[in-house]
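1. model the structure of this input:
(one chain, ligands or ions: 1)
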Amino acid sequence: MKNIKVIGVFSFFFLFLGCNHHKPQVLIAGHPDEIDISSTHYAQGKHFAIATQGVQTSDVAKTIIEQGGNIVDAAVAVSFAISVERPQSTGIGGGGFMLIHLAKENKSYAVDFRERAPFQAYKDMYLDKNGDVIEGKSWTGIHSVAVPGLIAGLFEIHEKFGKLPWPAVVAPAITLAKQGVVVTDHLSESITAKQDELLKYPLAKQRFFTSDGKALPKKSILQQPELAQTLEAIAKHGKDGFYKGWVAQATVAQSQKLGGMLTHKDLTSYEVQWRTPVKGQFEGQTILSMPPPSSGGIHVVQILKAAQPFLHKEKGAMDPDNIHYTALAMQHAFADRAKYLGDSDHVEVPMQGLLDPAYISDIQKRIKSGQTPAMQVSHIDPFTFESNDTTHFSMIDAEGNAIASTQTINGRMGSGVIVDQAGYLLNNEMDDFSAQPGTPNAFRLVSGEANAVAPGKRPLSSMSPTLVLRDGKPFLSLGAAGGPTIITQVTQALLHVIDERMGIQDALAAPRLHHQWRPDVVRCEKTMPADIVALLQAKGHTLEMSDHLGVSQGVQFDPVTGRFTAAHDPRIPGLAAGR
Ligand code: GLY
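-> Numbering: from 1, shown residues only. Predicted coordinates for the structure are as follows:
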């Protein structure tokens, strides 16, 4: 397996099979970054292991642990670092969720630092006078911006559980912002994709483009000195360094200049929510995941449970029947998502009901009888935008602590609005609301009244940071990026690891499928074997082939060796690390 050049991820997947305990040396030819899988995508550790989407970021975790920090210090430092290294996916202008399991207390926390709508936001703010959705208004520019929650979340998490001083966990990100990060293909492409908006702001023009107005090319260095100053204010003043003081002044001034809604009250009154994780038993293991305002936890568990009796684990992941029934369970879950899910602080979400055995058995009956879920929708948008934004990292340590965290500014480069002087990008999370019930958003997701815009409300998310406990101890930490495919990526990885006993790196490499009810298509990665594609079509599915569906990271504990295996998705660059 040494330095084998493999054309295409499909062949790569098969080379990877059976390599659970070896460190494969594989280069993906033709991949824009010609990744050396051995040094980046797979690592083992006796003390801890981590997988992130940031090559420089995973090293930050190691440094923090070496400095005597605990897993929470490392997770907070990683969150800051990845926001500098992947400004296209996450940032201090965004938000996210973190699942934390602490061995000492034998307790798990679901921390919600999701962005929320400004107080001036209102239900029909994305509709014109005829009641039609104004294209792009919730996606680009200042009107797409929700109140950032990342800094409040990281600060509270660290205040509660961190060991190192706060400035120490912000410091590595300050260094990265000053010294610069290496521009990846994805960052360069993301800048190009959002250039029309970015070029409106002199600071974005200065930082993200070359002097002749082109997006920074791959392998160039992105330095963010203004962001470094903002991070220094946060290091010095804690969350007040962001929600008050000169950074807040700059944020509100930028919003006002552009006719946006952000006020000082929006910033100072932002609240982190500590929630109870969604819990489900599956094959004797406890799945813990994110409750509303994420739809992730409920639907990961719902899909697993609804599909369970139809799956023949002995036939393996590539069995057409297994794939068919998994797709149907996804379809039913996403129909429920559209109807029932929203921010549970604002609307009633039937959390228990959706996971009740009687309700799951009803879904199974509907699947068996070939019924497909129906709900009136105004139209299905043929919009084919594919997004791999958002970022996830997973960590487990030898003390029995585990963290899974997914963070985002939503679309690539968020709203495209950079805050003058403060040098950070604002999110476009308002697009995760239902601008108009039944009308798909940028992810072609349909949602309903439960997810309508309201002041102070959090938009519905698909982010699904997930922990699996076996005998009460962390066995798996898992999560993904990629809009609604996050839910189906996490579900499939769980099925592969728990049901089919794959190692985490094989589970993440396996070809993926995705069904989100509307549009009524099964999306398949092109690596899906052709005979299976044909069999799925024969079963009546409309298939849409994708280059790849999302990006996942995971860490798995092996009770036999006592080691942790960290795996980063082989589809794109990132870094798995361990010690
Ligand atoms: N912004 C993507 C999500 O939260 O699902």
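
2. alongside the ligand, which residues does the protein contribute?
-> 390, 408, 410, 432, 461, 462, 463, 483 (C-beta under 6 Å from any ligand atom). The C-beta positions use only the backbone N, C-alpha and C, and glycine is treated the same way.

3. and those residues as CSV, adding secondary structure, distance to residue 514 and neighbour count?
-> Below are the residues of the chain next to the ligand laid out as CSV (DSSP: H, G, I helix; E, B strand; the rest coil; distance: C-beta to C-beta, whole Å; neighbours: other C-beta atoms under 10 Å):
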residue, secondary structure, distance to residue 514, neighbour count
390, coil, 15, 29
408, strand, 18, 29
410, coil, 18, 31
432, helix, 17, 27
461, strand, 16, 30
462, coil, 11, 29
463, coil, 15, 29
483, coil, 10, 29
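
4. buried sites along stretch 460-480?
-> 460-469, 474-480 (16 or more other C-beta atoms under 10 Å).

5. what about the helices in the stretch 401-550 of the chain?
-> 485-494, 504-509, 530-538 (DSSP state H, counting those that start in this stretch).

6. any idea which of those helices has the lowest pLDDT on average?
-> Of all the helices of the stretch 401-550 of the chain, the minimum mean pLDDT falls on helix 530-538 (a mean of 89).

7. flag every buried residue along that helix.
-> Taking 16+ other C-beta under 10 Å as the criterion, helix 530-538 shows 532, 533, 535, 536 as buried.

8. now it - C-alpha only, CSV.
-> Taking Å, rounded to 0.1, in the frame of the first residue of the first chain, the C-alpha atoms of helix 530-538 are listed here in CSV:
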residue,chain,number,x,y,z
ALA,A,530,-22.9,1.2,-11.0
ASP,A,531,-24.8,-2.1,-10.4
ILE,A,532,-26.2,-0.6,-7.2
VAL,A,533,-27.2,2.6,-8.9
ALA,A,534,-29.1,0.5,-11.5
LEU,A,535,-30.8,-1.6,-8.8
LEU,A,536,-31.9,1.6,-6.9
GLN,A,537,-33.4,3.0,-10.1
ALA,A,538,-35.1,-0.3,-10.6
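
9. helices or strands up against that helix?
-> The elements that helix 530-538 packs onto, with contact taken as 3 or more C-beta pairs under 8 Å, 6 or more residues apart in numbering; DSSP states H and E, are helix 320-340, strand 522-525, strand 543-546.

10. OK, contacts around the one residue in the stretch 1-150 of the chain that gets nearest to the ligand?
-> Using C-beta to the nearest ligand atom, the single residue of the stretch 1-150 of the chain nearest to the ligand is residue 114, 7.6 Å away. Contact analysis of residue 114 by C-beta atoms under 8 Å, 6 or more residues apart in numbering lists 95, 96, 97, 149, 293, 294, 429, 458, 459, 461.

11. pretty sure the fourth one contacts residue 269?
-> Put plainly, it is residue 149. No: the pair residue 149 / residue 269 is not scored as a contact, 11.7 Å apart, by C-beta atoms under 8 Å.

12. who has more neighbours, these two?
-> Neighbour count, other C-beta atoms under 10 Å: between residue 149 and residue 269, residue 149 has more, with 25 against 13.

13. list phi and psi for that one.
-> phi -120, psi -10 (degrees, to the nearest 10).

14. ok, it - contacts?
-> The contact partners of residue 149, by C-beta under 8 Å, 6+ apart, come to 94, 95, 96, 112, 113, 114, 115, 116, 270, 272.

15. okay, now the unreliable bits of the chain?
-> Residue ranges of the chain with pLDDT under 70: 1-39, 372-388.

16. and stretch 182-193, C-alpha only, in PDB?
-> The C-alpha trace of stretch 182-193 is given here as PDB (Å, rounded to 0.1, in the frame of the first residue of the first chain):
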ATOM      1  CA  VAL A 182      -2.000  28.500   3.700                       C
ATOM      2  CA  VAL A 183      -4.800  29.100   1.200                       C
ATOM      3  CA  THR A 184      -6.400  25.800   0.100                       C
ATOM      4  CA  ASP A 185      -8.200  25.200  -3.100                       C
ATOM      5  CA  HIS A 186     -11.500  25.300  -1.300                       C
ATOM      6  CA  LEU A 187     -10.700  28.700   0.200                       C
ATOM      7  CA  SER A 188      -9.600  30.100  -3.100                       C
ATOM      8  CA  GLU A 189     -12.700  28.800  -4.900                       C
ATOM      9  CA  SER A 190     -14.900  30.100  -2.100                       C
ATOM     10  CA  ILE A 191     -13.500  33.600  -2.400                       C
ATOM     11  CA  THR A 192     -14.100  33.500  -6.200                       C
ATOM     12  CA  ALA A 193     -17.700  32.200  -5.600                       C
END
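
17. against residue 257, how distant is the closest residue to residue 258 other than its chain neighbours?
-> Closest residue to residue 258 apart from its sequence neighbours, by C-beta to C-beta, 6 or more residues apart in numbering: residue 142 at 4.0 Å. Note on residue 142: its distance to residue 257, by C-beta to C-beta, to the nearest Å, is 9 Å.

18. more neighbours: these two, which one.
-> residue 142 (21 against 10).

19. I'd assumed residue 253 was in contact with that one.
-> No: Residue 142 lies out of contact with residue 253 (C-beta under 8 Å); the separation is 11.9 Å.

20. can you get me a residue count around residue 421?
-> 16.

21. offset the numbering so it begins at 11, please.
-> Shifting the count to begin at 11 puts that one at residue 431.

22. that one contacts residue 235, doesn't it?
-> No: counting by C-beta under 8 Å, residue 431 does not reach residue 235; the two are 10.8 Å apart.

23. what about the helices in the stretch 161-310 of the chain?
-> Ranges of helices within the stretch 161-310 of the chain are 176-189, 195-203, 205-208, 212-218, 235-247, 250-253, 255-267, 274-278, 306-317, based on DSSP H, counting those that start in this stretch.

24. identify the residues contacting the longest one?
-> By that I understand helix 176-189. Around helix 176-189, the neighbours that count as contacts under C-beta under 8 Å, 6+ apart are 66, 70, 73-74, 77, 79, 83, 86-87, 90-91, 93-95, 165, 168-169, 172, 233-235, 237-238, 241-242, 244-246, 248.

25. now which of those residues would you call buried?
-> 66, 70, 74, 77, 79, 83, 86-87, 90-91, 93-95, 165, 168, 172, 234, 237-238, 241-242, 244-245, 248.

26. looking at the stretch 311-460 of the chain, what residue ends up closest to the ligand?
-> Residue nearest to the ligand within the stretch 311-460 of the chain: residue 420 (4.1 Å; C-beta to the nearest ligand atom).

27. quick check on that residue: phi, psi?
-> phi 80, psi -110.

28. need the contact list for it.
-> When contacts are counted by C-beta under 8 Å, 6+ apart, residue 420 touches 104, 399, 400, 437, 438, 439, 441, 442.

29. so the last one touches residue 452, yeah?
-> Okay, so that is residue 442. No: in this structure, residue 442 is not within contact of residue 452 by C-beta under 8 Å, at 9.0 Å.
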